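Asker: pasting a predicted model and its sequence here:
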Amino acid sequence: LFEGDTAFRPLDWLLAISPAFNINHLDVRERGIVNPDVRDGTERTRTDIALQEAFFEYHLANVSKRYDFVSIKLGIQLFNSDFRSLMFNDTNLASRLFGTLANNRFQYNLTFFNMLEKDTNSELNTFGMRDQQIAIANLYWQDFIWLGYTAQFSIHYNRDEATRHFDDNDFLVRPDPSGSFTPHEINVVYMGWTSDGHIGRLNVTHALYWALGHDDHNPLAGRSVDINAQMVALELSVDFDWLRPKLSFLWTSGDRDPEDGTATGFDTILDRPNFAGGGFSFWNRQGVRLLGVGLNQRESLIPNLRSSKIEGQVNFVNPGLLLFHAGLDIEVTPKLRSFFNASYLRFANPEPVEVFLQQPGIGHDIGFDISVGVFYRPLLNNNIVITGGVAAFVPGQGFENALTSGVLYQGFVNLNLTF
């Protein structure tokens, strides 16, 4: 429900409520995966009902004759903190003050989240509190230096309190089941500069993040640690009519000495990256499990040795990542778009994996990720959207040392109907 003329000025007010229903089924080949109790077998079917969106937005004031404005939004809402969802992208309980300045050249957000717990299998919100607070302030600056180039400057603060939590399948997720299982509080600040746009014909996206803070008892280090970690991401592309070749690079710092007092392996808050192949990539889409934690998480690129992205805590004692990517986007017709991606992945510092597995000599090479995808809109609008893809992951020495030498595959099809 809303009131206001959206053609010329922001809405006066808006009320949105979106309930969600989910059913999911899991069928695996080994016991102990659906539940730690092997008597629960190899299959699981769960249903979930959630209030995924419930917010009220109110237009506070106009601050210029061209309808620069300031508004507030309260309730369960979607928020993406940067262009490629590299740091935080979630729907959760928040208070948000936002608006524009200088004829919409500047956009800003001041957002505070008191996080709700997530359902393990559907990843939808529950009605219980998470004991985690997140504050985000960012500023978008259009035509920064160059016309068509937008810069964003941000500060993220994440406070994750000391709690003990088992997920809906009875697995321990807080604290991480690695090293010493001691509840611990984490306080970390991220300073970021990201961009998206073009400089002449060259399309440019980049991200620089620096994390500083304190973890009062990191499980893998077995002690309190000071956090000092970094991320660098860059994507360059050029449009040739209906073709867009692109090159991408991602580096997240790793921890060379996992048991000292400084944690230098970069981790994000709750990322869902549209980068280096995005959801078509095997490494991004699947997530790889390793003895109760994730070598990386589903819908994430970073090898953070974290129990769960949605229910676990950030972990800055991790091996970090070097990723090199080449891709080609093809606008085959106005209805059909195809994607070809190839990535090479490498641990920045494999020492945290060695400590976690108690296995020396883990190699740096994670492997090669090759994927093909399609995006099809049969009606030339978004009422029916079909997305599908296949991918193969060829392990390198480090992945072989930690898990397996066999080639891994995935295939998926998504159908979205909107009316």
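Answerer: Sure, I can see it.

Asker: for Phe56, give its distance to Leu124.
Answerer: Distance, Phe56 to Leu124, using CB to CB, to the nearest Å: 21 Å. The way it works is simple: take the backbone N, C-alpha and C, and place the C-beta from them, glycine included.

Asker: and those two? which has more neighbours close in?
Answerer: Leu124 (19 against 15; other CB atoms under 10 Å).

Asker: so what's that one up against?
Answerer: By CB atoms under 8 Å, 6 or more residues apart in numbering, the contact list for Leu124 reads 20, 22, 48, 50, 52, 118.

Asker: quick one, grab the pLDDT at the spatially most central residue of the chain.
Answerer: Taking CA atoms, centre = their mean, the centroid of the chain lies closest to Asp271, which sits 1.5 Å from it. What the model reports for Asp271 is a pLDDT of 95.

Asker: who's in contact with it?
Answerer: 85-89, 299-302, 309.

Asker: now, which of those sits nearest Thr333?
Answerer: The closest of the contacts of Asp271 to Thr333 turns out to be Ser85 (CB to CB; 27.8 Å).

Asker: helix or strand: which one has the closest one?
Answerer: Assigned by DSSP states H and E, Ser85 belongs to neither a helix nor a strand.

Asker: for the closest residue to it other than its chain neighbours, phi and psi?
Answerer: Closest residue in space to Ser85, ignoring its immediate chain neighbours: Arg272 at 4.5 Å, by CB to CB, 6 or more residues apart in numbering. Here is the backbone geometry of Arg272 (degrees, to the nearest 10): phi -140, psi 70.

Asker: likewise for Glu351?
Answerer: Dihedral pair for Glu351: phi -60, psi -40, per degrees, to the nearest 10.

Asker: what about it, distance to Ile362?
Answerer: According to CB to CB, Glu351 stands 8 Å off from Ile362.

Asker: same deal with Val413?
Answerer: Relative to Ile362, Val413 is positioned 35 Å away (CB to CB).

Asker: looking at these two, which one has more neighbours?
Answerer: Taking neighbours as other CB under 10 Å, Val413 and Ile362 compare with Ile362 leading, 21 against 9.

Asker: quick one: contacts for the residue of the chain most remote from its centre?
Answerer: In terms of distance from the mean C-alpha position of the chain, Lys65 ranks first, at 37.9 Å (CA atoms, centre = their mean). Applying CB under 8 Å, 6+ apart, we find Lys65 in contact with no residue.

Asker: hmm, back to that, count of neighbours near the residue nearest to Ser85?
Answerer: Here the number of neighbours of Arg272 (other CB under 10 Å) works out to 21.

Asker: ok, now Phe8?
Answerer: Neighbourhood size, Phe8 [other CB under 10 Å]: 8.

Asker: any idea which element it lies in?
Answerer: Applying DSSP H and E, one finds Phe8 in no helix or strand.

Asker: ok, for it, nearest residue in space, not its chain neighbours?
Answerer: Spatial nearest neighbour of Phe8, chain neighbours left out: Tyr67 (6.8 Å); criterion: CB to CB, 6+ apart.

Asker: the one you found against Arg9, yeah?
Answerer: Yes: counting by CB atoms under 8 Å, Tyr67 touches Arg9, with 4.6 Å between them.

Asker: check contacts around the residue lying closest to Arg174 once chain neighbours are set aside.
Answerer: Leaving aside its sequence neighbours, Arg174 sits nearest to His165 (CB to CB, 6+ apart; 4.1 Å). Neighbouring residues of His165 by CB under 8 Å, 6+ apart: 117, 172-174, 311.

Asker: what segments of the stretch 1-150 of the chain are strands?
Answerer: Along the stretch 1-150 of the chain, counting by DSSP state E, counting those that start in this stretch, strands occupy 2-3, 13-27, 43-62, 69-80, 89-101, 106-118, 125-141, 149-160.

Asker: tell me how far Gly406 lies from Leu26.
Answerer: Applying CB to CB to Gly406 and Leu26 gives a distance of 21 Å.

Asker: okay, strands next: where are they in the stretch 201-350 of the chain?
Answerer: Going by DSSP E, counting those that start in this stretch, the stretch 201-350 of the chain shows strands at 202-218, 223-238, 243-252, 262-263, 288-290, 293-296, 321-331, 336-346.

Asker: what sits up against the last one?
Answerer: It stands for strand 336-346. 276-277, 280-281, 283, 321-332, 364-377, 389, 396, 398.

Asker: any of those buried? List them.
Answerer: Among the contacts of strand 336-346, those that count as buried by neighbour count (16 or more other CB atoms under 10 Å) are 276-277, 280-281, 283, 321-323, 325, 327, 329, 364-371, 373-375, 377, 389, 396, 398.

Asker: who are the neighbours in contact with Arg46?
Answerer: 23-24, 121-122, 168.
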